[in-house]
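**Q** Fold the following.
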Amino acid sequence: MLDAVAAAGGSVCMITMTTRHRAGQSLRSLWGGVSAAWRAVTSGRAVERERGTFGVLGMVRVVEVTHGESGWHCHVHALIAFDGPVSRELAQELGGSMFGRWERALVRKGFAAPLEDRGGLDVRPVDMGVGSRDAVAEYLSKISAEITGGSAKEGRRGNRTPFGILRDGLATGLADDLELWAEWEQASRGRRQIAWSQNFRKWAGARRERSDEEIVTDDLGGEDILAVEAQDWPALRPRVAELLDVAERDGPVAAAEWLTARRIGWFRCRRGVPPGKSEARHDMAECS
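**A** Modelled structure (predicted):
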């Protein structure tokens, strides 16, 4: 998108808006407030006026969620694209207008935003030079990768991302971490964390967004070697990271021996046959 805007002679700014939060707030309610506030930012007559006044082409929005001493923290990053050069002052004016709708919507939902000049709003013009575009794209890509669990990115100021919480929970088995992960699963279900304004994705020449069904049918080139019995999964779950370390370091035979020593039922997968249709379950005598 950044490259497409640059080629068209446009400009971009990144706007970040956040909400006050405290320990004990549920992620579901906090996220609901943020979603309502963002709808207020992006709908209504004011939005149409802004498009004409500032030459807004469209926007891409990412919701970032972390957890720390003050509980869940949920904020929005948005890249706003313009059809021509826009000064820092004009970008700040647009951000202030958007923040006003954001703040009022939060109040209606029983929440509050930090003061605009005290962390509630951050407006940063994007240098459209190649190096700067790459840096901004990398930053938002890291957030997006963390959303899907594929990144080791951690939150700032000691906050943890949801998948950071999951990694800690699997490594330590701490109930608090596993409960936080369960809350994340329930609160994030069905929510769109990465969104484009209408028709902007097509304008930027981005490829069509793939469905979940298309993604899970991808053949990543791996090979299923061992599968664990469903009834034994609860015993394995707190130690799955340890098993993966053994498999990566010492291979599948060592992984099988590790499972057998802990009396966790497993079976060997035939090449090309998915788990569930593999060889019969090995009994413990055969495994040993």
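
**Q** only C-alpha atoms for contact and neighbour calcs from this point on.
**A** Fine.

**Q** Check the spacing between the spatially closest residue to Gly71 that is not a sequence neighbour and Leu57 real quick.
**A** Computed as CA to CA, 6 or more residues apart in numbering, the closest residue to Gly71 that is not its neighbour in sequence is Ala23, at 4.0 Å. Remark: distance between Ala23 and Leu57 (CA to CA, to the nearest Å) = 38 Å.

**Q** the more surrounded of these two?
**A** Taking other CA atoms under 10 Å, Ala23 and Leu57 do not tie; Leu57 has more neighbours (21 against 12).

**Q** The more buried one in helix, strand or coil?
**A** strand (DSSP: H, G, I helix; E, B strand; the rest coil).

**Q** for it, what are its contacts?
**A** 51, 80-83, 200 (CA atoms under 8 Å, 6 or more residues apart in numbering).

**Q** Need the per-residue pLDDT for it.
**A** Leu57 carries a pLDDT value of 95.

**Q** Hmm, Met17 and Asp122 touching each other?
**A** Yes. With contact defined as CA atoms under 8 Å, Asp122 reaches Met17; the gap is 6.7 Å.

**Q** Neighbour count: those two, which is higher?
**A** Neighbours per residue (other CA under 10 Å) separate Asp122 from Met17, with Met17 holding more: 26 against 18.

**Q** mind listing the helices for this protein?
**A** With DSSP state H as the criterion, the chain has helices at 2-7, 27-41, 45-54, 88-108, 130-147, 162-172, 175-188, 200-203, 212-216, 233-236, 240-250, 252-261, 284-287.

**Q** Could you identify which of the contacts of Leu57 has the most neighbours?
**A** Most neighbours among those, by other CA under 10 Å: Ala81, with 26 neighbours.

**Q** nearest residue to that residue other than its sequence neighbours?
**A** Val12 (4.5 Å).

**Q** repeat for Ala113
**A** Here the residue nearest Ala113, using CA to CA, 6+ apart, is Thr19, at 4.3 Å.

**Q** I figured Trp184 was touching Ser29, is that so?
**A** No. Trp184 lies out of contact with Ser29 (CA under 8 Å); the separation is 11.8 Å.
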